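[1] everything below, folded, please.
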Amino acid sequence: MINADAAERFMAAPWLESTDRETKQELLRALAEERAAKGATLLAQGQPNDHLAFLIEGTAEILRRGEDGRTDLITTLSAPAVFGTTSFFRPDPPPATVRATSDVRLLTLHHPAYQTLRRDHPRAAEALAVAVLRAVSERFDLIDRLFAEYIRKHPHAPSGDVTEWSRFRSRLFEEHSI
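    Numbering: from 1, shown residues only. This is a model prediction of the structure:
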């Protein structure tokens, strides 16, 4: 059972702003409320992911560990935010770790609940998919803006960086296997 405050936060969050109240309520019924303490790993890089998480209270950081063992901070999330988006809908493990930087409250959608949602409430499942697609698209736009800003601020960066970024951008639109 999700408490009233958590439900209200979910209903007011921007991820489903264009979705009608009834559809949001169907989604809400598929979610499980969870809490985690500061420092808890909410999603582990390289480990199977069985859930999509809506951060409705608190903060978390997204970290990526490189092949050289170095860990980089990608960003900090503040509620409301959604994560697990790149690994929930496909079998690949997440490319980053999400760790709570404060005590957090989450509404979590696990795969079995999502399958039930798809079967019993396809309109709600579609609204969720569109919301996740919007979130992922916004993150790609942010990456593009940050890289363009980096190039602007570092005009003497090796030209290979710019060329590599241009190739990556074009592959996103030309290669359907990405």
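
[2] buried stuff in the longest helix seen in the chain?
    In the chain, assigned by DSSP state H, the helix with the most residues is helix 122-153. Residues 124-125, 127-128, 131-132, 134 are the ones in helix 122-153 that count as buried (16 or more other CB atoms under 10 Å). C-betas here are computed from N, CA, C, even on glycine.

[3] same question, stretch 4-21
    Quick answer for stretch 4-21 (16+ other CB under 10 Å): 6-7, 9-10, 13, 15-16, 19.

[4] let me see the residues that make contact with it.
    By CB atoms under 8 Å, 6 or more residues apart in numbering, the residues outside stretch 4-21 that reach it are 2, 23-25, 27-28, 31, 33, 54, 56-57, 79-80, 82, 105, 107, 127-128, 131, 134-135.

[5] how about a cut-off of 10 Å?
    1-3, 23-29, 31, 33-35, 54-57, 79-82, 105-107, 123-124, 126-128, 130-132, 134-135 (CB atoms under 10 Å, 6 or more residues apart in numbering).

[6] start to end distance for that stretch?
    End-to-end distance for stretch 4-21, by CA to CA, to the nearest Å: 15 Å.

[7] got it, and stretch 91-107?
    Using CA to CA, the end-to-end distance of stretch 91-107 comes out at 21 Å.

[8] list the buried residues of it.
    Per 16+ other CB under 10 Å, stretch 91-107 contains these buried residues: 94, 96-101, 104-107.

[9] now for the longest helix of the chain, which elements pack on it?
    When contacts are defined as 3 or more CB pairs under 10 Å, 6 or more residues apart in numbering; DSSP states H and E, helix 122-153 packs onto helix 21-30, strand 51-57, strand 71-78, strand 81-83, helix 85-88, helix 111-120, helix 159-174.

[10] one more pass at 8 Å, please.
    Applying 3 or more CB pairs under 8 Å, 6 or more residues apart in numbering; DSSP states H and E, one finds that helix 122-153 contacts helix 21-30, strand 81-83, helix 85-88, helix 111-120, helix 159-174.

[11] returning to that earlier point: and of the buried residues of stretch 91-107, the nearest to Ser87?
    For the buried residues of stretch 91-107, the minimum distance to Ser87 (CB to CB) is 4.1 Å, reached by Pro94.

[12] per-residue confidence at His110?
    pLDDT recorded at His110 is 95.

[13] give the bridge partners for it, please.
    Beta-bridge pairing of His110 under DSSP bridges involves His51.

[14] residues near it, how many?
    16 (other CB atoms under 10 Å).

[15] can you tell me how far Asp141 is from Arg65?
    Asp141 is 25 Å from Arg65, where distance means CB to CB, to the nearest Å.

[16] swap that for Leu16, sorry
    Distance from Leu16 to Arg65, counting by CB to CB: 32 Å.
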